[in-house]
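Colleague: Mind looking at a prediction? Sequence and model below.
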Amino acid sequence: MSVSAKRGLLLAAAAAALLAGAQALAEEGKTYGLGTPATPEQIAAWDIDIRPDGAGLPPGSGSAADGEELYANQCAFCHGDFGEGIGRYPVLMGGFESLTQDRPEKTVGSYWPYASTVWDYIYRAMPFGNAQSLSVDETYALTAYVLWLNDIVEYEQVLDQDNLAEVEMPNADGFFLMSEPEFPPHEPCMTDCRDSVEILGKARILDVTPDDGGQAPID
Amino acid sequence: MTDKTRTRGRLPMQIPADAQRQGGPVSAARRRFLAGSAAAGGALAAGGLLGGKALAGNPENLPPNIPDWSRYLGAGVDAHPYGMPVEFESHVVRRNVEWLTATSESSVNFTPIHEMDGFVTPNGLCFERHHGGMAIVPPEDYRLMINGLVDRPLIFTYQDIMRFPPESRFHFLECAANSGMEWRGAQLNGVQYTHGMIHCVYYTGVPLKTLLQEAGVKTSAKWILAEGGDSAGMTRSIPLEKALDDCMVVYSMNGERLRAEQGYPVRLIVPGWEGNMWVKWLRRIEVGDKAWYHREETSKYTDLLPNGKARKFTWVMDAKSVITSPSPEKPMRAEGPQVLKGLAWSGHGRISRVDVSLDGGINWQAAQLHGPVLPKALTFFTLPFEWHGQELLLQSRAMDETGYVQPRMAALQEVRGVNSIYHNNSIQTWLVNANGVVDNVRLG
């Protein structure tokens, strides 16, 4: 059997197994009566995730103007006054047209495809070290501020539950699903596979490896 | 004590009079302590650490002499209620590269895979990757919520989860950014750093399918969102098919409860898929009909190509292997017979073969795979060979049961460029020079 045929069979078998799994789930319906019902209050407090279509956004609002002072107090220490990033903390602003360059700058403006992701991440994880401390309105305001730093919204533009999903991000079309495998199955060469080899570079020359390289004292 | 026993196989050692007065059997450890304090200039008397230098050992412990440990009592039971590795192995630890990240709370360290024999990683050596530091969650305060497109939104306690029928399996966990520093060239001179964002342990827990079934998944469901309870609130979207296939909600690794740094008390495992999805301190599973496109699946863990477009949802870790010894940390110490060791793995299933080249990929030979060879688990391989001081260019090349062959970096760069950060599964090259020193090199 060819390797590609074998791969095909394996994929088919995997698909059949998945299907069988789904059927088992539907038919068995086996439950154990464990766990307690999650109340609406419990769910509302923990279910904070937001989707690109705006699903999950709570009522509230804020603009970059509302967020400016908050950003200076809560965010600029790591991200810089203009989102330029301090030290190795993430750069939030700029980097447009850089994705095809030798050193791309992947920022909210140049790379992030959805405004909802900004809102979700600020609300769940920022500021670093004091997560889930920002109010809904503050999160709208900070989201607007970061988008304003990238010239995506106007300074006075108010973002809310209804219009956040309509914000068009510059790199919204920058992502795709791979449809074909990068390297099809094949039988690799075993002898005389190359005419010669050449050493292009050595890590030792760069000298960026921590000194305590992990060598055993005796081996 | 007669002169005969005192001199049998040993150079006499002076034990201070006050120590002798304590009476009773002398322990080997106490004797070593006494010998150490008696020795002038800190010379080591009983085979202690050698300060990083390869010394020949203490002649007093070598034949025909009788060493202390053969004569005096060792430590009793309970000297270490939770056992630790022997002091001579204290160099076998996780290490990090400080310049990689802004802060240790959102950072990574590396498994010392060059010290691993076999495919199981000891719990204390499994690399750490945190995004908001290591959460400490008391088990009695742990809760897992399942909500969204389900018939019965539920909350489980730690004890609830352990009352479901468990399963146990070995799986590797590899960070998608493992080897991510090596895209542009050989950068870090150590296999711990180039390939150490991986581990493989024996998990015990509940199939995610069992928990989803308990809540009753609605027919419109297509995705789940896994969410961590740490201060990063880590979230990843996972297709429902995968969730129902082989994902597990686990509470044990290698027979003991999870380590805090691995998500105690409960983490998700997503076999064969990138480690970022294996959400630790798992607090919530939401069932939905669309992906969430959160930070870790847009801003991060997407693979930027030279044309400026990025691959998304590249979940599976393709087949990969690396020689762990010889390696920069494991130079050649002597000519003659050698054992080459390495690890191979594939997120698509079992490793079917590992080939090794000693000449930079011109000629290859099959290595021996050490069983059990399990799907989506590390596979340990070895190859005995002779070395007589000649220069070597060592490479390994893994194949998995789908027929996929681990690519050369040149081939990978052709399709990905050098800026995709994640999913570098290319063939690694080690240069062995005439002195036995081993270097990370990039071949053309």
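Modeller: That came through fine.
Colleague: contacting residues for residue 116?
Modeller: Chain wasn't specified; assuming chain A. A:Ile50, A:Arg51, A:Pro52, A:Asp53, A:Gly54, A:Leu57, A:Leu164, A:Ala165, B:Tyr293 (C-beta atoms under 8 Å, 6 or more residues apart in numbering or on different chains). (C-beta placed from N, C-alpha, C; glycine too.)
Colleague: meant chain B, my bad for not saying
Modeller: B:Leu125, B:Thr324, B:Leu343, B:Phe380.
Colleague: If we use 10 Å, what do you get?
Modeller: Contact analysis of B:Met116 by C-beta atoms under 10 Å, 6 or more residues apart in numbering or on different chains lists B:Val92, B:Pro122, B:Leu125, B:His199, B:Cys200, B:Thr324, B:Ser325, B:Lys341, B:Leu343, B:Leu378, B:Phe380.
Colleague: thinking again about what came up before, show the buried residues in the contacts of A:Ser116.
Modeller: Buried by 16 or more other C-beta atoms under 10 Å in any protein chain shown: A:Ile50, A:Arg51, A:Pro52, A:Gly54, A:Leu57, A:Leu164, A:Ala165, B:Tyr293, out of the contacts of A:Ser116.
Colleague: Nearest to B:Thr219 among those residues?
Modeller: Lowest distance from B:Thr219 to the buried ones among the contacts of A:Ser116 (C-beta to C-beta) belongs to A:Arg51, with 19.7 Å.
Colleague: Quick check: which element contains that closest one?
Modeller: Counting by DSSP states H and E, there is no helix or strand that carries A:Arg51.
Colleague: so it touches B:Thr298, yeah?
Modeller: No - contact criterion C-beta atoms under 10 Å: A:Arg51 and B:Thr298 do not qualify, at 12.0 Å.
Colleague: Mind telling me which residue of chain A is nearest chain B?
Modeller: A:Pro185 (2.7 Å; C-beta to the nearest C-beta).
Colleague: hang on, that residue in a strand?
Modeller: No - if the criterion is DSSP: H, G, I helix; E, B strand; the rest coil, then A:Pro185 is coil and not within a strand.
Colleague: Pull the number of nearby residues for it.
Modeller: A:Pro185 sits with 19 neighbouring residues when counted by other C-beta atoms under 10 Å in any protein chain shown.
Colleague: and the gap between it and B:Asp318?
Modeller: To B:Asp318, A:Pro185 is 12 Å away according to C-beta to C-beta, to the nearest Å.
Colleague: tell me, what's touching these two both at once?
Modeller: Common neighbours of A:Pro185 and B:Asp318, counting by C-beta under 10 Å, 6+ apart, are B:Asp400, B:Thr402, B:Tyr404, B:Val405.
Colleague: Show me which pair in the residues you listed is furthest apart.
Modeller: Greatest spatial distance in the shared contacts of A:Pro185 and B:Asp318: B:Thr402 and B:Val405, 10.0 Å, computed using C-beta to C-beta.
Colleague: give me the low-pLDDT residue ranges for chain A?
Modeller: When residues are selected by pLDDT under 70, those of chain A lie in A:1-29, A:212-219.
Colleague: quick one: stretch A:115-126 to chain centroid distance?
Modeller: 11 Å (C-alpha atoms, centre = their mean, to the nearest Å).
Colleague: Please read the previous query as pertaining to stretch A:112-128.
Modeller: Distance, stretch centre to chain centre, for stretch A:112-128: 10 Å (C-alpha atoms, centre = their mean).
Colleague: Not counting residues beside it along the chain, what's closest to residue 151?
Modeller: I'll assume chain A. Of all residues beyond its chain neighbours, the one nearest A:Asp151 is A:Gly109 (7.4 Å), with distances taken as C-beta to C-beta, 6 or more residues apart in numbering or on different chains.
Colleague: Sorry, I should have been clearer: chain B.
Modeller: Of all residues not flanking B:Asp151 in the chain, B:Gly216 sits nearest, at 3.1 Å (C-beta to C-beta, 6+ apart).
Colleague: ditto for B:Thr101
Modeller: Nearest non-adjacent residue to B:Thr101, counting by C-beta to C-beta, 6+ apart: B:Ser107, 4.0 Å away.
Colleague: Looks like the one you found contacts B:Glu98 (just checking).
Modeller: Yes - using C-beta under 10 Å, B:Ser107 is in contact with B:Glu98, at 8.5 Å.
Colleague: Of those two, which one has the most company?
Modeller: Between B:Ser107 and B:Glu98, counted using other C-beta under 10 Å, B:Ser107 has the larger neighbour count: 17 against 9.
Colleague: Sheet partners, orientation included, of the helix or strand harbouring that one?
Modeller: Per DSSP H and E, B:Ser107 falls inside strand B:107-110. The strands beside strand B:107-110 in its sheet (DSSP bridges) come out as strand B:95-96 (antiparallel), strand B:129-130 (antiparallel).
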